[in-house]
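Visitor: I'd like to go over a predicted model; first the sequence, then the structure.
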Amino acid sequence: LLIEFESVTTMPYDLSWYIEKRVMMIYLTGHITTEELYEMTDETRVLLEQGEGKVHALVDYSQAESIPRSLSTLVNEIKREKDPKQGITILIMPKTNKMMQFVANIMMQVIGLEFRQVQTMDEALNTLRRVDPTLETVV
């Protein structure tokens with residue numbers, strides 16, 4: 001008896017619209033490599049181009065186990081001029097992973113994105129409503 005298993009590779013992130021053309025939702029899981037972070041950044045740029053008005057991002061790190069720690073490499077590759085459509089990025093991170101919080105905070109500052117860090121999705125949505133009152137009725 002021979003059983004074949006299909007190899008399925010899943011990305012350690014899932015990127016979609018939380019609110020069509022206004023708010024991106026990014027879920028990070030497991031161990032994220034530098035290459036995967038570059039791919040994700042490219043995909044966010046595509047969504048940003050499709051967006052209308054200010055486009056915000058919710059990034060859920062709660063299931064991520066690690067992110068690249070080589071900040072100089074990341075910053076050199078990801079650094080770009082801020083798109084006028086780019087709104088706020090809200091990082092959802094539990095306080096339990098101090099190293100990941102530190103690396104994410106430094107990366108966001110160096111890249112030059114406006115960001116906030118919260119612990120839960122509820123906090124993220126409340127922050128989003130405060131930052132962009134035009135979303136109050138849909139968030």
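Guide: Received, thanks.
Visitor: what are the phi and psi values for Ala57?
Guide: phi -130, psi 130 (degrees, to the nearest 10).
Visitor: helices along this protein, start to end?
Guide: 34-50, 71-78, 98-111, 121-131 (DSSP state H).
Visitor: any idea which of the ones you listed scores lowest on pLDDT?
Guide: Across these, helix 71-78 has the smallest mean pLDDT, namely a mean of 62.
Visitor: which one, of the helices of the chain, ends up nearest to Leu58?
Guide: helix 121-131 (5.3 Å; C-beta to C-beta). To be clear about C-beta, it is placed using only N, CA and C from the backbone, and glycine gets the same treatment.
Visitor: close enough to count as contact, Glu136 and Arg129?
Guide: Yes: with contact defined as C-beta atoms under 8 Å, Glu136 counts as touching Arg129 (5.1 Å).
Visitor: between the two, point out the one with more neighbours.
Guide: Each of Glu136 and Arg129 has its neighbours counted (other C-beta atoms under 10 Å); Arg129 has more, 15 against 10.
Visitor: out of the helices of the chain, which is closest to Ile19?
Guide: Here helix 121-131 is closest among those (C-beta to C-beta), at 9.2 Å.
Visitor: what sits opposite Gln63 in the beta ladder?
Guide: Thr29 (DSSP bridges).
Visitor: that one contacts Ile26, correct?
Guide: No: contact criterion C-beta under 8 Å: Gln63 and Ile26 do not qualify, at 11.6 Å.
Visitor: when the two are compared, which one has more neighbours?
Guide: Counted by other C-beta under 10 Å, Gln63 and Ile26 do not tie: Ile26 has more neighbours, with 21 against 11.
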